[in-house]
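Chemist: Using only what follows, build the 3D model:
(3 chains)
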Amino acid sequence: MIITVNSKDRTELIDITSRVQDKVRSASGGSGLCMLYVPHTTAAITINESADPSVKDDILMVLNQIVPWEAGYRHLEGNSPAHVKATIVGSSELIAIEHDRLVLGTWQGIFFCEFDGPRTRKVHIKIMSSLADA
Amino acid sequence: MIITVNSKDRTELIDITSRVQDKVRSASGGSGLCMLYVPHTTAAITINESADPSVKDDILMVLNQIVPWEAGYRHLEGNSPAHVKATIVGSSELIAIEHDRLVLGTWQGIFFCEFDGPRTRKVHIKIMSSLADA
Amino acid sequence: MIITVNSKDRTELIDITSRVQDKVRSASGGSGLCMLYVPHTTAAITINESADPSVKDDILMVLNQIVPWEAGYRHLEGNSPAHVKATIVGSSELIAIEHDRLVLGTWQGIFFCEFDGPRTRKVHIKIMSSLADA
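Modeler: Numbers count the residues shown, from 1 in each chain, chains lettered A, B, ... in the order given. Now for the predicted structure:
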């Protein structure tokens, strides 16, 4: 299953929690694992607080500080900072599924991380059903 | 399955390897994958050296240097640095299981990462049994 | 299944995509998940652009800038920066498998990250077959 995400800024965290939950419910996998995977090299996926939108702004601010925009990069396309952020945050997340629902903590949401936008992006969703719950 | 962790400091790495191993053994899943998942947004989980306790102190020291305590954060709760560290380190780890044992490297241990303590925290353990080992 | 990697530099990103793909094909798991796991505490694994080799150089350059070589580390072995980088990048990656092939994005490759070389290293490959594709 695939979710399409349209980013609007150069760097942006986009809450996709409800869209992932809808896909998981429609797949009716019962219980198991949900893998979210970003097939891009200048984007990533993370789980963090979704209640206060300021949190994603703060995460982005610090990532943009840590990884310098200019640093004598060798990659000529000009988007090396985006590649570095992708490696720091990571290209996949794993979430347990029970009774067709994602098992997220109270404050947790799922965020697509755009580091080289704006672009049209994809998130792959792969569900592995459990033989038995453990 | 759930492990409860009580942190004592504001930021702290806590070795939970033997507690996870005990849960895996009691579940008797044979072979498969063990997912460890932190349902919090100001904590994380990592795998690193457990032989010398100085290693976890050094990891924490650098994370606390990289992510500034004060940076004009917008999130008013005052714990934005903890949220950023959670995204950098990540909310889950995956470890193979063979014959009811975690397949860890010689020096590897599993650490719960507290970034906004002290608190009482949880780590979810989900075991996916293999159809066949590959 | 295990891949052996020989690093030549102190810090180095090594493209192992085709070697992982060969193992996945030979295992004939059909569809499912491929977990790549590094059993070391001073190395990691990441997915990023493999088309332009400059990208891996840029990632390495920034990681080496972010994590200082000298910082009053307590771990006496002298390789604390490598341990920190291992926690930032992470010890495992997950990739979907369909019809015996890794489902990677167009520009994605799999990189073993050496942070304390040169050494002989291992990458574990674990395949979980799907009951059914979702």
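Chemist: Going by C-alpha atoms from here, please, whenever you check contacts or count neighbours.
Modeler: Fine.
Chemist: what's the neighbour count on the residue in chain A positioned nearest to chain C?
Modeler: In chain A, the residue that lies nearest chain C is A:P39 (4.2 Å; Cα to the nearest Cα). Using other Cα atoms under 10 Å in any protein chain shown, A:P39 has 23 other residues around it.
Chemist: Hmm, A:H124 is touching A:P39, no?
Modeler: Yes: between A:H124 and A:P39 there is a contact at 7.4 Å, judged by Cα atoms under 8 Å.
Chemist: Tell me if the helix or strand A:Q65 falls within is near chain B.
Modeler: Secondary structure from DSSP states H and E places A:Q65 in helix A:54-66. Yes: among the residues of helix A:54-66, A:54-55, A:57-59, A:62, A:66 lie within reach of chain B under Cα under 8 Å from any Cα of the partner chain.
Chemist: can you list the residues you listed in JSON lines and add pLDDT, neighbour count and distance to A:S91?
Modeler: Listed next are those as JSON lines, based on pLDDT from 0 to 100; neighbours: other Cα atoms under 10 Å in any protein chain shown; distance: Cα to Cα, whole Å:
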{"residue": "A:S54", "pLDDT": "96", "neighbour count": "16", "distance to A:S91": "23"}
{"residue": "A:V55", "pLDDT": "97", "neighbour count": "25", "distance to A:S91": "20"}
{"residue": "A:D57", "pLDDT": "96", "neighbour count": "18", "distance to A:S91": "20"}
{"residue": "A:D58", "pLDDT": "97", "neighbour count": "20", "distance to A:S91": "20"}
{"residue": "A:I59", "pLDDT": "98", "neighbour count": "25", "distance to A:S91": "17"}
{"residue": "A:V62", "pLDDT": "97", "neighbour count": "19", "distance to A:S91": "19"}
{"residue": "A:I66", "pLDDT": "96", "neighbour count": "18", "distance to A:S91": "19"}
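Chemist: Which of the residues you listed sits closest to C:L76?
Modeler: A:I66 (26.8 Å; Cα to Cα).
Chemist: How about the residue of chain A closest to chain C: what's its closest non-neighbour residue?
Modeler: C:G105 (4.2 Å; Cα to Cα, 6 or more residues apart in numbering or on different chains).
Chemist: And for A:I127?
Modeler: That would be A:C34: by Cα to Cα, 6+ apart, it lies 4.6 Å from A:I127.
Chemist: The one you found reaches A:M128, doesn't it?
Modeler: Yes: using Cα under 8 Å, A:C34 makes contact with A:M128 at a distance of 6.5 Å.
Chemist: what sits in contact with each of these two?
Modeler: Common contacts of A:C34 and A:M128 (Cα atoms under 8 Å, 6 or more residues apart in numbering or on different chains): none found.
Chemist: Now do the same for A:T87: helix, strand or coil?
Modeler: Secondary structure, DSSP: H, G, I helix; E, B strand; the rest coil: A:T87 is helix.
Chemist: What is the burial count for it?
Modeler: 23.
Chemist: what do you get for A:R10?
Modeler: When neighbours are counted by other Cα under 10 Å, A:R10 comes out with 12.
Chemist: One more: A:W107?
Modeler: Neighbours around A:W107, by other Cα under 10 Å: 15.
Chemist: contacting residues around it?
Modeler: A:48-51, B:40-41.
Chemist: Repeat that for A:Q21.
Modeler: A:101-102.
Chemist: relative to strand C:120-129, how tilted is the lengthiest strand in chain A?
Modeler: Longest strand in chain A, counting residues (DSSP state E): strand A:120-129. Strand A:120-129 and strand C:120-129 are oriented at 70 degrees to each other (axes from the mean of the first three to the mean of the last three Cα atoms, to 10 degrees).
Chemist: Can you tell me the strand partners of strand A:120-129 and which way each runs?
Modeler: strand A:2-6 (antiparallel), strand A:32-37 (antiparallel) (DSSP bridges).
Chemist: Would you mind finding the most buried of the ones you listed?
Modeler: Counting by mean count of other Cα atoms under 10 Å in any protein chain shown, strand A:32-37 has the highest mean neighbour count of the strands paired with strand A:120-129, with a mean of 24.
Chemist: contact partners of that strand?
Modeler: Contacts for strand A:32-37 (Cα under 8 Å, 6+ apart): A:24, A:45, A:91-98, A:102, A:123-130, A:133, B:128, C:95.
Chemist: Please pick the buried ones from these.
Modeler: The neighbour-count test (16 or more other Cα atoms under 10 Å in any protein chain shown) marks A:24, A:45, A:91-98, A:102, A:123-130, B:128, C:95 as buried among the contacts of strand A:32-37.
Chemist: my guess is A:G30 is in a strand, correct?
Modeler: No: under the criterion used here (three-state DSSP), A:G30 is coil, not part of a strand.
Chemist: burial of it, as a residue count?
Modeler: Residues lying near A:G30 (other Cα under 10 Å) number 17.
Chemist: who's in contact with it?
Modeler: A:G30 sits in contact with A:97-100, A:129, where contact means Cα under 8 Å, 6+ apart.
Chemist: and the strand or helix carrying A:I47, which strands flank it?
Modeler: Element membership for A:I47, per DSSP H and E: strand A:43-49. Sheet pairing here is set by DSSP bridges, and for strand A:43-49 it gives strand A:108-114 (antiparallel).
Chemist: Give me the contacts around the partner strand.
Modeler: The contact list for strand A:108-114 (Cα under 8 Å, 6+ apart) reads A:7, A:9-17, A:42-51, B:39-41.
Chemist: go with 6 Å
Modeler: A:11-17, A:43-50 (Cα atoms under 6 Å, 6 or more residues apart in numbering or on different chains).
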